[in-house]
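In: Give the three-dimensional model of this entry:
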Amino acid sequence: MTLQVVNANRLVDGLVVYLSEADDWSEKIEDALVAATEIEAEGLLATAERAAIGAPCVIQPYLIDIVVDGDVLKPLRYRERLRALGPSVRRDLGKQAEG
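Out: Take a look at the predicted model:
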């Protein structure tokens, strides 16, 4: 099985957030909890759905596939990479501009 994390949308500002420790949401993918098995992934998604209810500004949690490159979590799909980093045509905007 591929490694997975849970992401969701934050309605207040439109940013992508990731389920992190203590059932909290982080803007940074490196803070995300990682599931290595299908059972862990199902548990993470269930936790995320409960956390989204507790944080009404967060909606639609779902699992995404990732790879670990050194200490860096990288989404496998291009769509999720864009959501994690920001626009591909302007590297001076989004999370990639922050470093």
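
In: Tell me where the model's unsure across this protein.
Out: Along the chain, segments meeting pLDDT under 70 span 1, 86-91, 93-99.

In: could you pull out the strands for the protein?
Out: Taking DSSP state E, the strands of the chain run over residues 3-10, 16-20, 24-26, 58-69, 72-75.

In: From those, pick the one with the highest average neighbour count.
Out: Neighbour counts (mean count of other C-beta atoms under 10 Å) averaged over each of the strands of the chain peak at strand 16-20, with a mean of 23. Quick note: C-beta positions are derived from backbone N, CA and C, even for glycine.

In: What is the end-to-end distance of stretch 29-42?
Out: End-to-end span of stretch 29-42 (C-alpha to C-alpha, to the nearest Å): 19 Å.

In: In it, which residues have enough neighbours to count as buried?
Out: By neighbour count on 16 or more other C-beta atoms under 10 Å, the buried set for stretch 29-42 is Ile29, Asp31, Ala32, Leu33, Ala35, Ala41.

In: Point out the one among the strands of the chain that comes closest to Asp92.
Out: strand 16-20 (19.0 Å; C-beta to C-beta).

In: longest helix anywhere in the chain?
Out: Secondary structure of the chain per DSSP state H: the longest helix is helix 38-54.

In: So what's the residue count around the closest residue to Pro75 other than its chain neighbours?
Out: Computed as C-beta to C-beta, 6 or more residues apart in numbering, the closest residue to Pro75 that is not its neighbour in sequence is Arg81, at 4.9 Å. For Arg81, the count of nearby residues is 17 (other C-beta atoms under 10 Å).

In: Was I right to think Arg81 contacts Leu73?
Out: No - with contact defined as C-beta atoms under 8 Å, Arg81 does not reach Leu73; the gap is 10.9 Å.
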